[in-house]
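Engineer: Pasting a predicted model and its sequence here:
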Amino acid sequence: CRDISRGSALSGGLLEAATGAVHALAERTGESVVLATLARGERHPVLRAEGQAVIRVSSSVEVGAPFFSLVTGRVLAAWASAEELSEILSAQGLPGETWDGIGDERALAAALDAIRLAGHSGQAEEDRGLASLAVPVLARGGQLVAALGVHLPAMRAQPERMARILDEMTTAAARLGRQA
């Protein structure tokens, strides 16, 4: 459990604050929210809150999904330390077909650089009718604490709405990071 919560970074008061932040974000956006951490090369969802819209994406959509197919997994990898990224690759392998056919470490490094440059990861899965966004939760020193993700139906993923949700997520992640 200590590994899953990244040591003391996501325990006690921060876990309580994160619970409030995840539920508040789900309420403000109306969409499903997940907070995931990284331990031993694995993604661990530690908090979830379902949106209240009649048509919504259940957070269970990510259960059993490959690490790199999830935007929270990509964010965790993008902000992982070199040692953590090595653990991810040992546990998960390269993304391959689960993420744009990335089949070598050079292509993976470029994709992770692009996520860090953008400050988030997003994807639309038209065939499944869903869209997802994720941002990092970083401690004051820039150390990765967790990834905050939102899943919503593609029919509500208009660019303006996605930008508002991303702003809400970034604000919530920054607030949590200051408490880490």
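Structural biologist: Everything's here; your move.
Engineer: Can you pull up the most central residue in the protein?
Structural biologist: Centroid-nearest residue in the chain, with C-alpha atoms, centre = their mean: Thr72, separated by 2.4 Å.
Engineer: residues in contact with it?
Structural biologist: Contacts here follow C-beta atoms under 8 Å, 6 or more residues apart in numbering; on that basis Thr72 touches Val34, Ala36, Arg43, Pro45, Glu62, Ser121, Ala134, Ala147, Leu148, Gly149. Bear in mind the C-beta positions are built from the backbone N, C-alpha and C, glycine included.
Engineer: Pretty sure the first one sits against Val135.
Structural biologist: By that I understand Val34. No: the pair Val34 and Val135 does not pass the contact test of C-beta atoms under 8 Å, sitting 11.8 Å apart.
Engineer: so what sits against both of those two?
Structural biologist: Common contacts of Val34 and Val135 (C-beta under 8 Å, 6+ apart): Leu148.
Engineer: what number of residues lie near the nearest residue to Ala180 once chain neighbours are set aside?
Structural biologist: Using C-beta to C-beta, 6 or more residues apart in numbering and skipping residues adjacent in sequence, the residue nearest Ala180 is Ala139, 3.9 Å away. Per other C-beta atoms under 10 Å, the neighbour tally for Ala139 reads 16.
Engineer: Tell me the first helix or strand C-terminal of the helix or strand hosting Leu148.
Structural biologist: Assigned by DSSP states H and E, Leu148 belongs to strand 144-153. Downstream of strand 144-153, the first helix or strand assigned by DSSP H and E is helix 159-179.
Engineer: Could I get the buried residue list for that next one?
Structural biologist: Met162, Ile165, Leu166, Glu168, Met169, Thr170, Ala172, Ala173, Leu176, Gly177, Gln179 (16 or more other C-beta atoms under 10 Å).
Engineer: From those, which shows the smallest pLDDT?
Structural biologist: Within the set of the buried residues of helix 159-179, pLDDT is lowest for Gln179 (90).
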